[in-house]
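Asker: coords please:
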Amino acid sequence: MKKRVNLLFFSILFSISIIAQESKGYQFETIYDLDATAVCDQHRSGTCWSFSGQSFLESEMIRIGKKPVILSQMFVVRHCYSDKAVKYVRMHGETNFGSGGAFHDVLYVLKNYGAVPETIYDGLQYGENKHVHGEIDAILKNYVDAVVTNPNKKLTPSWHQGFNSVLDAYFGELPENFTIEGKSYTPKSYAKEVVALNPEDYVQIGSFTHHPFYTNFIIEIPDNWMWGKIFNVPLDELITIMTESIKNGFTIGWATDVSEKGFSHKNGIAIVPETELTEMQDSEREKWETLSKEEREKRLYSFDEPLKEMIITQEIRQEAFDNHLTTDDHGMHITGLAKDQYGTIYFKVKNSWNTDNVFDGYLYASETYVKYKTISIMVHKNAIPKNIRTKLGL
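Answerer: This next block holds a predicted model:
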């Protein structure tokens, strides 16, 4: 009987040990965690740039002592679509027209049109309770393409008015005046008095070798319809800027690529595993190629515990950008720093894909992933270390 009890005891211990190993996962310890507003949901729209850009501004408002507020993402989208249409027609359709954008679009709208709270302008006038832009995107593109073909051999003065009427039908008419807590505002007065941020205080920074360091250049991505510029720094300085920004209380707008298999919103992880198929021995490759796609991803990117990652150099990230392996897929908002159980550093990232993942809408991107896949960041000028700011002439 005693022997059976001992066997049962060790069996239970063994089972507990196996469960502990299987559930080890990624264990994060917070280093810095800056204030941010609630996670929002862009749903089925290509407007991550507006959601992340507005989230960044919201954290900036908190940083300077303002009351937290969710700013209208669709107020920005609506204005950008209208102005983007004018440029597209002026360029005879020889530029990009779509739902995408960049962080400088958000600053552009704040500077030129102001801001409104999301409660005043939610942009949902088309029978949906979440953003679903398939129809509106297709209609707007077809509209401007029809104008560009110029069937009358001369543009009418009404085409842009008609375009804005379509925007009004889907997003709602833009508010000229609105009242919050008993006080009346216009979008511009709300931006000045409540948001109280100066668009000129913010810059965007990247790290590329096809332009000289410490200069600014028009970033060559399709969604850059405004031809906005970013500053260029070496990769190590980009990471220094990001790390020091968080340490000093400044959050970061992050434009990046999320097409890597090591990016998993569901698991709340973004990593660049060291093991790649091209590095396997012939026997390993042969065995690997017999597996289904699902089984391959499960084995390589199971996220059961932290994996060893690639070493990213300036050359590796440039090659990925030049070969269109790193593209401007997604905009998010970096709000903190953490480390896993092995001491690896991660940036805490607020996403706009709802809260239905393991970290309630947030994810942790390893420093390696950030080095490899960052297109650009947006930061307050004062977040940049003084020695680097001097090199940039800021």
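Asker: Torsion angles phi and psi at the closest residue to L307 other than its chain neighbours?
Answerer: Leaving aside its chain neighbours, L307 sits nearest to P273 (4.7 Å; criterion: C-beta to C-beta, 6 or more residues apart in numbering). Glycine gets a C-beta too; all of them are placed from N, C-alpha and C. Main-chain torsions, P273, degrees, to the nearest 10: phi -60, psi 140.
Asker: and P273, how many residues sit next to it?
Answerer: Applying other C-beta atoms under 10 Å, we find 16 residues neighbouring P273.
Asker: ditto for R90
Answerer: Neighbours of R90 using other C-beta under 10 Å come to 12.
Asker: Return the distance of it relative to V148.
Answerer: According to C-beta to C-beta, to the nearest Å, R90 and V148 sit 10 Å apart.
Asker: pretty sure the residue nearest to L307 contacts M310?
Answerer: Yes. Judged on C-beta atoms under 8 Å, P273 makes contact with M310 at a distance of 7.3 Å.
Asker: quick one, strands of the stretch 151-300 of the chain?
Answerer: With DSSP state E, counting those that start in this stretch, the ranges of strands along the stretch 151-300 of the chain come out as 178-180, 183-185, 202-206, 216-218, 229-232, 252-256, 263-264, 269-270.
Asker: Now the ones you listed in CSV, please, with extra columns for distance to M74, mean pLDDT and mean neighbour count.
Answerer: Shown next, in CSV, are the strands of the stretch 151-300 of the chain (distance: least, C-beta to C-beta, whole Å; pLDDT from 0 to 100; neighbours: other C-beta atoms under 10 Å):
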stretch, distance to M74, mean pLDDT, mean neighbour count
strand 178-180, 14, 96, 13
strand 183-185, 18, 98, 14
strand 202-206, 21, 98, 22
strand 216-218, 27, 98, 15
strand 229-232, 25, 98, 22
strand 252-256, 18, 98, 27
strand 263-264, 26, 92, 20
strand 269-270, 27, 96, 26
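Asker: got these as TSV, with distance to H104 columns?
Answerer: Shown next, in TSV, are those (distance: least, C-beta to C-beta, whole Å):
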stretch	distance to H104
strand 178-180	26
strand 183-185	25
strand 202-206	6
strand 216-218	11
strand 229-232	8
strand 252-256	10
strand 263-264	24
strand 269-270	24
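Asker: closest to D304 out of those?
Answerer: Closest approach to D304 among the strands of the stretch 151-300 of the chain (C-beta to C-beta): strand 269-270, 10.9 Å.
Asker: Relative to that closest one, what are the paired strands and their orientations?
Answerer: Partners of strand 269-270 in the sheet, by DSSP bridges, are strand 263-264 (antiparallel), strand 362-366 (parallel).
Asker: Deepest in the core, which of these is it.
Answerer: Per residue and on average, the most neighbours among the strands paired with strand 269-270 fall to strand 362-366, with a mean of 23 (mean count of other C-beta atoms under 10 Å).
Asker: Tell me which helix or strand comes right after that one.
Answerer: Next helix or strand after strand 362-366 toward the C-terminus (DSSP states H and E): helix 367-373.
Asker: Packing partners of that following helix?
Answerer: For helix 367-373, the elements it packs on are helix 235-247, strand 252-256, helix 314-322, strand 345-350, judged by 3 or more C-beta pairs under 8 Å, 6 or more residues apart in numbering; DSSP states H and E.
Asker: Show the average pLDDT along that helix.
Answerer: Mean per-residue pLDDT for helix 367-373: 97.
Asker: Check what contacts it and list those residues.
Answerer: 235, 238-239, 242, 254, 256-258, 260, 262-263, 270-272, 309-312, 316-317, 320, 326, 344-347 (C-beta atoms under 8 Å, 6 or more residues apart in numbering).
Asker: Quick check: H104 touching Q204?
Answerer: Yes. Between H104 and Q204 there is a contact at 6.4 Å, judged by C-beta under 8 Å.
Asker: any shared contact partners between those two?
Answerer: With C-beta under 8 Å, 6+ apart as the test, H104 and Q204 both reach G228.
Asker: Could you list the low-pLDDT ranges of the chain?
Answerer: For the chain, applying pLDDT under 70 flags the ranges 1-24, 275-291, 293-302.
Asker: how about stretch 242-260 as PDB, C-alpha atoms only?
Answerer: C-alpha atoms of stretch 242-260 as PDB (Å, rounded to 0.1, in the frame of the first residue of the first chain):
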ATOM      1  CA  MET A 242      13.100  54.700 -28.300                       C
ATOM      2  CA  THR A 243      14.500  53.300 -25.000                       C
ATOM      3  CA  GLU A 244      15.300  56.800 -23.600                       C
ATOM      4  CA  SER A 245      11.900  58.100 -24.700                       C
ATOM      5  CA  ILE A 246      10.100  55.500 -22.600                       C
ATOM      6  CA  LYS A 247      12.400  55.900 -19.700                       C
ATOM      7  CA  ASN A 248      11.700  59.700 -19.700                       C
ATOM      8  CA  GLY A 249       7.900  59.300 -19.900                       C
ATOM      9  CA  PHE A 250       7.400  59.800 -23.600                       C
ATOM     10  CA  THR A 251       5.400  57.200 -25.500                       C
ATOM     11  CA  ILE A 252       6.100  56.400 -29.200                       C
ATOM     12  CA  GLY A 253       4.100  56.100 -32.400                       C
ATOM     13  CA  TRP A 254       5.400  52.900 -34.200                       C
ATOM     14  CA  ALA A 255       5.100  52.200 -37.900                       C
ATOM     15  CA  THR A 256       6.100  48.700 -38.600                       C
ATOM     16  CA  ASP A 257       5.800  45.400 -40.600                       C
ATOM     17  CA  VAL A 258       3.500  42.700 -39.000                       C
ATOM     18  CA  SER A 259       3.800  40.100 -41.800                       C
ATOM     19  CA  GLU A 260       6.500  38.100 -40.000                       C
END
